[in-house]
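**Student:** Provided below for reference: sequence and predicted model.
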Amino acid sequence: EAGVVQSPRYKIIEKKQPVAFWCNPISGHNTLYWYLQNLGQGPELLIRYENEEAVDDSQLPKDRFSAERLKGVDSTLKIQPAELGDSAVYLCASSWGRGTQYFGPGTRLTVL
Amino acid sequence: DQQVKQNSPSLSVQEGRISILNCDYTNSMFDYFLWYKKYPAEGPTFLISISSIKDKNEDGRFTVFLNKSAKHLSLHIVPSQPGDSAVYFCAASRPRGGSQGNLIFGKGTKLSVKP
């Protein structure tokens, strides 16, 4: 069974540029999470989807971050414009309901 | 304020010996706890979990102990193997009426198992 797929794996951009990350969850998982992991820290939740509904986006900085999961499967996380402090690893995870979360490999973003 | 704390950034253990990783939490309403293992350039991998109604859960070489009165849990790995070398994250579930919800992670402990 395929795991959570994320792309790209690495992204380098200049500040003020836009960037987008894509996630394909494990087949059949209706809940999808986006996490941010800074160096030396644990993952921190940005947004949680149940099917296509964002049920918890309280930690998402909405001035520059946006996310969508239009058909309740794939999801895209966007940053526009990116800032130096956005350099981090962006992790996607999925689960069936509120069961065990399975993580993808992450996208390492470097903002110059 | 950190609700889930892993106070040891690193731990070094000899192969074959026991590894004990510790985790403390502050919110007594947490009802589900998990351990994840992370290798470099990979996402966290689920290892083992425990519900607040239990005080021990075992899976092969891995055992998690929960002390609710002390708000403390620990992960025991016996015997430790070089392949166990990774960063281990403790996570707690925000109260959601008994089901697993959003996770709060600690900062992680880097375990090195030396041959």
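**Tutor:** Okay, I see it.
**Student:** from chain B, which residue is nearest to chain A?
**Tutor:** Of all residues in chain B, residue B:105 sits closest to chain A, at 2.9 Å by CB to the nearest CB. For every residue, glycine as well, the C-beta is placed using N, CA and C.
**Student:** surely that residue touches residue A:33?
**Tutor:** No - using CB atoms under 8 Å, residue B:105 is not in contact with residue A:33; the gap is 11.8 Å.
**Student:** can you list contacts of stretch B:60-69?
**Tutor:** For stretch B:60-69, contacts defined as CB atoms under 8 Å, 6 or more residues apart in numbering or on different chains pick out B:28, B:33, B:35, B:47-50, B:52, B:54-58, B:72-79, B:81.
**Student:** which ones among the residues you listed map onto helices?
**Tutor:** Using DSSP state H, no member of the contacts of stretch B:60-69 sits in helices.
**Student:** for the helix or strand bottoming out on mean pLDDT in chain B, packing partners?
**Tutor:** Taking mean pLDDT, DSSP states H and E as the measure, chain B has strand B:103-105 as its least confident helix or strand, at a mean of 92. Judged by 3 or more CB pairs under 8 Å, 6 or more residues apart in numbering or on different chains; DSSP states H and E, strand B:103-105 is in contact with strand B:86-93.
**Student:** and the strand it packs on, what other elements does it pack with?
**Tutor:** Strand B:86-93 packs on strand B:4-5, strand B:19-25, strand B:32-38, strand B:72-77, strand B:103-105, strand B:109-114, going by 3+ CB pairs under 8 Å, 6+ apart.
**Student:** list the contacts of residue 10.
**Tutor:** Reading this off chain A. Contacts of residue A:10 (CB under 8 Å, 6+ apart): A:107, A:108, A:110.
**Student:** should've been chain B
**Tutor:** B:109, B:110, B:111, B:112.
**Student:** go with 10 Å
**Tutor:** B:87, B:108, B:109, B:110, B:111, B:112 (CB atoms under 10 Å, 6 or more residues apart in numbering or on different chains).
**Student:** buried ones among those residues?
**Tutor:** B:87, B:108, B:109, B:110, B:111 (16 or more other CB atoms under 10 Å in any protein chain shown).
**Student:** check which helix or strand the residue at minimal distance from the centre of chain A maps to.
**Tutor:** Centrality entry for chain A: nearest residue to the mean C-alpha point is residue A:34, 3.4 Å, by CA atoms, centre = their mean. Assigning secondary structure by DSSP states H and E places residue A:34 in strand A:31-37.
**Student:** please name every helix or strand in contact with that strand.
**Tutor:** strand A:19-24, strand A:44-50, strand A:53-56, strand A:65-68, strand A:75-79, strand A:88-95, strand A:102-103, strand B:103-105 (3 or more CB pairs under 10 Å, 6 or more residues apart in numbering or on different chains; DSSP states H and E).
**Student:** let me know the angle separating that strand from strand A:88-95.
**Tutor:** 160 degrees (axes from the mean of the first three to the mean of the last three CA atoms, to 10 degrees).
**Student:** thinking again about what came up before, out of the helices and strands packed on strand A:31-37, nearest to residue B:40?
**Tutor:** strand A:88-95 (11.1 Å; CB to CB).
**Student:** send me the closest one as CSV with only the CA atoms.
**Tutor:** Output of strand A:88-95 as CSV, limited to C-alpha atoms (Å, rounded to 0.1, in the frame of the first residue of the first chain):
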residue,chain,number,x,y,z
ALA,A,88,11.1,24.7,7.4
VAL,A,89,9.9,21.2,6.6
TYR,A,90,6.2,21.0,5.7
LEU,A,91,4.7,17.7,6.5
CYS,A,92,1.4,16.1,5.3
ALA,A,93,-0.3,13.3,7.2
SER,A,94,-3.5,11.4,6.8
SER,A,95,-5.7,9.1,8.9
